[in-house]
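> Structure for the following, please:
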Amino acid sequence: MSTSTAPTEAPAEQVTAPTAPPRPVRRRGERSRAASLASHGVLTLASLVALFPVAWLVFLSLGPDKNDYLHPGRIWSKMTFDNYAFVLQDTNFFDWLKSSLIVSLGTTVIGVLVAATTGYAVSRMRFPGYKKLMWVLLVTQMFPIAVLIVPMYQILSKLQLIDNYFGLILVYCSTAVPYCAWLLKGYFDTIPFEIDEAGRVDGLTPFGTFFRLILPLARPGLAVAGFYSFITAFGEVAFASTFMLSDTKYTFAVGLQSFVSEHDAQRNLMAATAVLVAIPVSAFFYLVQKNLVTGLTAGGTKG
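Numbering: from 1, shown residues only. You can find the predicted model right below:
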């Protein structure tokens with residue numbers, strides 16, 4: 001008796017539904033494309049807003065007539081560099097440039113040196129009244145310029161420093177040093193104290209440690225302090241117009257006032273001068289730009 005076995009059916013293949021591709025995993029701190037486009041759009045808009053006044057000033061400086069700012073569309077057909085030629089040849093532009101550079105660079109050197117030594121002393125040394133010293137420097141920033149002009153004028157007059165570059169530099173240092181001392185004190189706090197101890201072990205004096213070890217490390221903070229001091233002195237008007245009496249000793253900010261009279265204002269010449277004034281400031285900013293961001297952020301980490 002033969003037996004037959006029924007053929008076994010092969011197991012049916014399992015049908016699986018198609019799976020969606022895995023979503024890309026975003027790394028920590030990585031922004032989406034929409035967020036990146038939005039941030040770039042905002043930054044582009046902010047850049048245009050910041051650059052528009054500068055571009056507008058340059059455009060107005062090319063207009064030959066003092067009233068071209070009322071009808072800016074007419075400037076396109078009559079652009080000229082005559083305003084720049086007049087400012088450079090027929091005014092005391094180079095005297096203003098010399099005065100501005102002397103006062104600004106003098107304020108930068110003296111102000112940063114005094115502020116650096118003050119900030120370092122308060123950061124490293126504990127002497128009677130070191131906290132009160134910093135608060136006194138802060139309080140001096142509370143007085144408006146109108147209140148300070150009269151007593152400062154009397155002091156400079158007794159010292160025979162009226163219409164003198166050094167007198168104006170001292171006045172600007174009284175404004176720049178308090179802020180820069182606070183800024184540099186915060187920056188010196190971020191430098192480890194062990195560096196000072198290592199310098200003393202190697203036989204350096206406190207001044208040697210400060211000048212040879214600490215100042216090179218504090219270069220970003222010094223750049224910020226120097227930039228602030230330079231800008232403060234370069235663009236100030238009230239003190240310069242009060243304490244400088246000679247036309248040849250006017251700074252740029254005061255020299256611009258010569259284009260404005262009681263019944264007239266030569267705005268085309270003012271615009272051309274303002275463009276020329278921006279050149280040395282831009283050059284100074286270019287020299288210190290690498291250290292500005294580092295100095296501002298590091299100087300604000302400790303107080």
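
> Show me what the lowest-mean-pLDDT helix or strand in the chain is packed against.
Lowest on mean pLDDT, DSSP states H and E among the helices and strands of the chain sits helix 267-299, with a mean of 77. Applying 3 or more Cβ pairs under 8 Å, 6 or more residues apart in numbering; DSSP states H and E, we find helix 267-299 packed against helix 33-61, helix 82-90, helix 93-124, helix 165-189, helix 219-234, helix 252-255. Yep, even glycine has a C-beta here, placed from its N, CA and C like the rest.

> how about a cut-off of 7 Å?
The helices and strands touching helix 267-299, judged by 3 or more Cβ pairs under 7 Å, 6 or more residues apart in numbering; DSSP states H and E, are helix 33-61, helix 82-90, helix 165-189, helix 219-234.

> how about JSON lines for the ones you listed, with mean neighbour count, distance to residue 274 and mean pLDDT added?
Converted to JSON lines, the helices and strands packed on helix 267-299 look like this (neighbours: other Cβ atoms under 10 Å; distance: least, Cβ to Cβ, whole Å; pLDDT from 0 to 100):
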{"stretch": "helix 33-61", "mean neighbour count": "11", "distance to residue 274": "6", "mean pLDDT": "88"}
{"stretch": "helix 82-90", "mean neighbour count": "15", "distance to residue 274": "10", "mean pLDDT": "89"}
{"stretch": "helix 165-189", "mean neighbour count": "22", "distance to residue 274": "21", "mean pLDDT": "90"}
{"stretch": "helix 219-234", "mean neighbour count": "23", "distance to residue 274": "12", "mean pLDDT": "88"}
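
> would a markdown table of these with distance to residue 70 be doable?
Listed next are these as a markdown table, based on distance: least, Cβ to Cβ, whole Å:
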| stretch | distance to residue 70 |
| --- | --- |
| helix 33-61 | 11 |
| helix 82-90 | 16 |
| helix 165-189 | 37 |
| helix 219-234 | 30 |
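
> For residue 120, find the nearest of those.
helix 165-189 (5.3 Å; Cβ to Cβ).

> Give me the distance from the closest one to the chain's centre.
15 Å (Cα atoms, centre = their mean, to the nearest Å).

> neighbouring contacts of the next helix or strand after it?
Sequence order places helix 194-201 as the next helix or strand after helix 165-189, per DSSP states H and E. With contact meaning Cβ atoms under 7 Å, 6 or more residues apart in numbering, helix 194-201 is reached by 124, 208-209, 213-214.

> go on, stretch 79-91?
61-62, 64, 93, 268-269, 272-273, 276.

> what's the burial count for the closest residue to residue 236 other than its chain neighbours?
Leaving aside its sequence neighbours, residue 236 sits nearest to residue 253 (Cβ to Cβ, 6 or more residues apart in numbering; 6.3 Å). Counted with other Cβ atoms under 10 Å, the neighbours of residue 253 add up to 19.

> Looking at residue 253 now. What's its pLDDT?
Residue 253 is assigned 83 on the pLDDT scale.

> What of residue 153?
According to the prediction, residue 153 has pLDDT 92.

> distance of it from residue 111?
21 Å (Cβ to Cβ, to the nearest Å).

> Of the two, which one has the most company?
Taking other Cβ under 10 Å, residue 153 and residue 111 do not tie; residue 111 has more neighbours (29 against 16).

> surely that one meets residue 175?
No: in this structure, residue 111 is not within contact of residue 175 by Cβ atoms under 7 Å, at 8.6 Å.

> May I see the buried residues of stretch 241-248?
242-244 (16 or more other Cβ atoms under 10 Å).

> Now, those residues that are in helices?
Members of the buried residues of stretch 241-248 lying in helices (criterion: DSSP state H): 242-243.

> quick one on the thing from earlier: and the contacts of helix 194-201, which two are furthest apart?
124 and 208 (13.8 Å).
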